[in-house]
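J.: Take a look and give me a structure for this.
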Amino acid sequence: MKEVGLTEGFLEDTPPPGKKKKWPFIITICVSAVVLFMGGFLTRGWIDSPASNAPTVNPPPQQADARFSPIATGEPEGNRLIKVGFAQSDLIESDRRKANTVSIQDALSTANGYELIVADGQNDYDKQLQDVAGFIQKGADYIVIAPVQETGWDAVLQQANDASIPVIFVDRAVKASEDTYVTWIGSDFKDQGVKAMEWLKAFKGSKPVKAVHLQGMQGSSALAGRSAAYTEACVGNGWENLGETPVNGDITQAKEIMADWLGQFPDLNVVCVDDNDMTNGVVQAIEDIGMKAGDDDGITIISFNAGRRSLQLAFDTGKINCSVECNPLQGSYVADVIQKLESGETVEKAIYVEDAVFDWKDLTQAIIDARAY
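T.: Numbers count the residues shown, from 1 in each chain. Now for the predicted structure:
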């Protein structure tokens, strides 16, 4: 069993024969003190890192290595752990994002033969580039990225290619040359939007639709795909599109924008919301002016992600009419890709996860309780 150096990231190899370490007694004491102090962080599974404003994608200096905290703490006897760096867009953005992280951790566990390091991008594109560059510097076997945005990955992908490190994107898709990464795993975001619009057409029938769309992270593939489906449905069905704007998951901002729209368009009757958490702000804004959210006779609300809390709200109150899943449980897909690559197999360039649609009238407590997030 090897110990992991807190400032070193991945497991270090044993020094070559004949090379002695200096001051072993002092080092032992220092390491022990650090381990005791950092115990709380290691049980959490990662160390949150400060945001970086540097736009460069060059590997970070040595003192920045503390951004990465190994989740794996040992190596099975006779087996080599596969070193994987996971650059998450934001660890605490939403319940869905947390579930995505846990899914990756569970699939790429020490027991399954992996040494996983998680870096928190804090929804900061420049910082996420630095996180990926750090994984390259530390000699990861594979790098998994849940990207903050679609574009701007060419330089760091080239660095990974030069180091012969396969890159796997998850969740949001990217616009990059397909020969610079192995595969992308995630939802078909336009298909999610199409499913939502098909549900709305069936629900409203020939009744007029006056809709607004609170979008998600600006520049993301999720926003692009869902917005395309929404716009096409409005044009194709003769629905009135009153407004669209990105909100980036902020509940307070979502509430403020919704309140403004309600003031401008008192007869709006449909709201599409790209995030469950933002939906809470939308419902608050509607109820603050004495209007009704959801159900058969209120403002129709379509929400994406389908987390347990939002489904519970839909089931208990009817305030969310339609919930479209954006499945974050992608860890097993990632592990399958890595094992295929380890065996010399090829993988598809795009791997889609399954997404469900939940009508509030069809929900049961059993369905909600069975949800993983």
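J.: Paired strands for the helix or strand that residue 84 is a member of, with orientation please.
T.: Here residue 84 sits within strand 82-88, counting by DSSP states H and E. Sheet pairing of strand 82-88 (DSSP bridges) gives strand 114-120 (parallel), strand 142-145 (parallel).
J.: now the longest one, how far from the chain's geometric center?
T.: Looking back up the chat, that one is strand 114-120. Centroid displacement of strand 114-120 relative to its chain, using C-alpha atoms, centre = their mean, to the nearest Å, is 14 Å.
J.: Make 32 the starting number, not 1.
T.: Yep, numbering from 32; the last one is strand 145-151 now.
J.: now the angle from the helix or strand that comes right after that strand to strand 113-119?
T.: The helix or strand immediately downstream of strand 145-151 is helix 156-168, counting by DSSP H and E. Using axes from the mean of the first three to the mean of the last three C-alpha atoms, to 10 degrees, the inter-axis angle of helix 156-168 relative to strand 113-119 is 170 degrees.
J.: Report the spatially nearest residue to the residue nearest to the spatial centre of the chain, omitting neighbours in sequence.
T.: The geometric centre of the chain, computed from its C-alpha atoms, lies nearest to residue 128 (C-alpha atoms, centre = their mean), at 4.5 Å. Leaving aside its sequence neighbours, residue 128 sits nearest to residue 121 (C-beta to C-beta, 6 or more residues apart in numbering; 5.9 Å). In this view, the C-beta of every residue, glycine as well, is placed from N, C-alpha and C.
J.: Make sure residue 249 is actually in contact with residue 275.
T.: No: Residue 249 is not in contact with residue 275 according to C-beta atoms under 8 Å; the separation is 11.4 Å.
J.: follow-up on the earlier one: and for the residue nearest to residue 128, the neighbour number?
T.: Around residue 121 there are 19 other residues, counting by other C-beta atoms under 10 Å.
J.: Can you check the pLDDT for it?
T.: On pLDDT, residue 121 comes in at 94.
J.: Give me the buried positions along stretch 170-188.
T.: 171-181, 183-184, 187-188 (16 or more other C-beta atoms under 10 Å).
J.: Tell me where the stretch 282-404 of the chain has strands.
T.: Secondary structure of the stretch 282-404 of the chain (DSSP state E, counting those that start in this stretch): strands at 301-304, 331-336, 353-356, 381-383, 388-390.
J.: and those strands as TSV, adding mean neighbour count and distance to residue 148?
T.: Output for the strands of the stretch 282-404 of the chain, formatted as TSV (neighbours: other C-beta atoms under 10 Å; distance: least, C-beta to C-beta, whole Å):
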stretch	mean neighbour count	distance to residue 148
strand 301-304	26	34
strand 331-336	28	26
strand 353-356	24	29
strand 381-383	15	23
strand 388-390	17	35
